[in-house]
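In: My questions concern the predicted model and sequence given below.
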Amino acid sequence: MTATCTLKEYELLDGTSTQKLFIHVTPAIIGIGLLGNILTMCVFIITDLKRQSVSILTIALAIVDSLVLLIPVSLLWLETLLKRELTDASPFWCRTHGFFDLTFTCCSSWLMVCIAFERFCAVWLPHHNKVLFTHRKIFFLVLSILFISTMLSTWFIFVVKMVTKTRTPNFTYTSSSIFRSSLKNITESFHFWQSWQPLSDNSTSLYYAKCGVNNDSLYDSMGMVSVVINYFLPFLFVFLLNSTVIYRLCRRGIVELTSSITVTLTLVCLVHLLCTLPFQCWWIYYEVPDQTGDCSWLKKKLTWRTITFTIRNINYMANFFLYSCSSKLFRDELKGLILLCLLPHEKYQSYHYRRQSLYDNMQQQNVSLIRLIMRRLSRTPDYTNGGVIVNPIGMAEHENGPVANL
């Protein structure tokens, strides 16, 4: 990063086509993504798809993706739109803006790994998949991922804080209008508390608070570790698991592409790989030391950051459309759910719960020991007429026969 460049990010990219594209595209990504994730949660919570254990993972993924769009993505978009660094206006946002981004992206990436592993077991170990991935086990797995992601991201809170800096403005004109104009520009640039104090050399000094880093080397090293945990390792695992799933499906012969949940979730994982790969490459490029000594190198890095960041955000919006395009069952359940909301008639209310899901798994029902005993007793023959066994035709055997004497 350029040490001599004092301009802010929005000042470097002000008026560029990249910034304009980011300002116009990001609201669409946020709005469409939130709506799609809400519909996804409704489908997997209300409809027959909730019987699938993997539905807990898809619901958690939709929630985490929505939080990514709501907090870190929206915050950066507002800073670009308002041309103000909101992290400088509040100590809370200064310490937590990176924490939220790291936590939610880590959860999203490792939930994707769990989905890929669940499909791997469903394809390669179909007889053990229902035992390994029950609703209860997956629920605690999601809680564990959330807890671990939070713990791994807390480092950001301790390496940044509000720091006080000093700036001595250079006024070369004595006109009162020029003085007021310069003072206004300084105030808009820093938009935080300030105080004026005379110095020994009769100059005027400006004190302001800014969100800064305590230790640059620790920040860079921990940032690289977080990128490896949040992006590189999940990328590697998802790539390997999906490669084996695709290989298995190709050997088996992919059938019923429109209704196969394995094909749908595999497609979701592949889109995750494609959308997060450019941002990973940018982070490596970001660590390249400055070669120019001015702001041009930083401007080029921020330009590519904006492009790759936008591509990454598409991943948090696209899952609903992937489910809808690749799964006929998801479309049918969504259609039935919309009919229930828009047409609250008796036949539409009973439509959804009357139809039988293609993925109705009766093997997951808990059968008690008493129920098994009662079922066994119900299969025994009926004894009537004082111990005479009734044959299948319904007539008793001869009274002198061996069976009747028993």
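Out: Noted; the coordinates are in hand.
In: residues contacting the residue nearest to residue 22 when sequence neighbours are not counted?
Out: Nearest non-adjacent residue to residue 22, counting by Cβ to Cβ, 6 or more residues apart in numbering: residue 306, 5.1 Å away. The way it works is simple: take the backbone N, C-alpha and C, and place the C-beta from them, glycine included. Residues in contact with residue 306 (Cβ atoms under 8 Å, 6 or more residues apart in numbering) are 13, 18-19, 22.
In: Which among those residues count as buried?
Out: Listed as buried from the contacts of residue 306 are 13, 18-19, 22; burial here means 16 or more other Cβ atoms under 10 Å.
In: least confident pick among the contacts of residue 306?
Out: Here the lowest pLDDT out of the contacts of residue 306 sits on residue 13, with 79.
In: Quick check: closest non-adjacent residue to that one.
Out: residue 19 (4.2 Å).
In: What separation do you get for that neighbour and residue 311?
Out: According to Cβ to Cβ, to the nearest Å, residue 19 and residue 311 sit 16 Å apart.
In: Identify the farthest-apart pair in the buried ones among the contacts of residue 306.
Out: Greatest spatial distance in these: 13 and 22, 8.4 Å, computed using Cβ to Cβ.
In: Give the next helix or strand downstream of the longest helix seen in the chain.
Out: Once the chain is assigned using DSSP state H, the helix that runs over the most residues is helix 91-124. Using DSSP states H and E, the helix or strand that follows helix 91-124 towards the C-terminus is helix 126-132.
In: wait, isn't residue 54 in contact with residue 117?
Out: No: using Cβ atoms under 8 Å as the test, residue 54 is too far from residue 117 to be in contact (10.5 Å).
In: okay, the two: which has more neighbours?
Out: residue 54 (21 against 17; other Cβ atoms under 10 Å).
In: Now do the contacts for the closest residue to the more buried one other than its chain neighbours.
Out: Computed as Cβ to Cβ, 6+ apart, the closest residue to residue 54 that is not its neighbour in sequence is residue 118, at 5.4 Å. By Cβ under 8 Å, 6+ apart, the contact list for residue 118 reads 53-54, 57, 129, 133, 138, 265.
In: So which of the residues you listed is surrounded by the most neighbours?
Out: Ranking those using other Cβ under 10 Å puts residue 265 first, with 26 neighbours.
In: quick one: contacts for it?
Out: 54, 58, 115-116, 118-119.
In: returning to what we had before: and the gap between the residue nearest to residue 13 and residue 305?
Out: In terms of Cβ to Cβ, residue 19 sits 11 Å off from residue 305.
In: With residue 320 instead?
Out: 26 Å.
In: And for residue 26?
Out: Counting by Cβ to Cβ - residue 26 and residue 305 are separated by 14 Å.
In: And the two? Which one has more around it.
Out: Neighbour totals were compared for residue 26 and residue 305, and residue 26 leads with 22 against 18 (other Cβ under 10 Å).
In: pLDDT value on the nearest residue to that one once chain neighbours are set aside, please?
Out: Spatial nearest neighbour of residue 26, chain neighbours left out: residue 77 (4.5 Å); criterion: Cβ to Cβ, 6+ apart. Looking at residue 77, its pLDDT is 92.
In: Tell me if the residue nearest to residue 22 really is in a helix.
Out: Yes: checked against DSSP: H, G, I helix; E, B strand; the rest coil, residue 306 lies within a helix.
In: could you pull out the helices for the stretch 1-150 of the chain?
Out: 9-12, 17-46, 55-68, 74-82, 91-124, 126-132, 135-153 (DSSP state H, counting those that start in this stretch).
In: Which one of these lies nearest to residue 334?
Out: Once those are compared by Cβ to Cβ, helix 17-46 is nearest, at 5.4 Å.
In: buried set for that closest one?
Out: 18-19, 22, 26, 29-30, 32-34, 36-37, 39-44.
In: Residue 84 versus residue 105, what's the distance?
Out: 24 Å.
In: Could you check which of those two is surrounded by more residues?
Out: residue 105 (28 against 18).
In: From residue 166, how far off is the nearest residue to that one once chain neighbours are set aside?
Out: Once flanking residues are discounted, residue 105 sits nearest to residue 230: 5.1 Å by Cβ to Cβ, 6+ apart. Distance from residue 230 to residue 166, counting by Cβ to Cβ: 36 Å.
In: So which of the two has more stuff around it?
Out: residue 230 (26 against 10).
In: Report whether the expected contact of that one with residue 109 is present.
Out: Yes: between residue 230 and residue 109 there is a contact under Cβ under 8 Å: 5.5 Å.
In: Of all pairs in the contacts of residue 265, which one is the farthest apart?
Out: Maximum distance among these (Cβ to Cβ): 12.6 Å, for 58 and 116.
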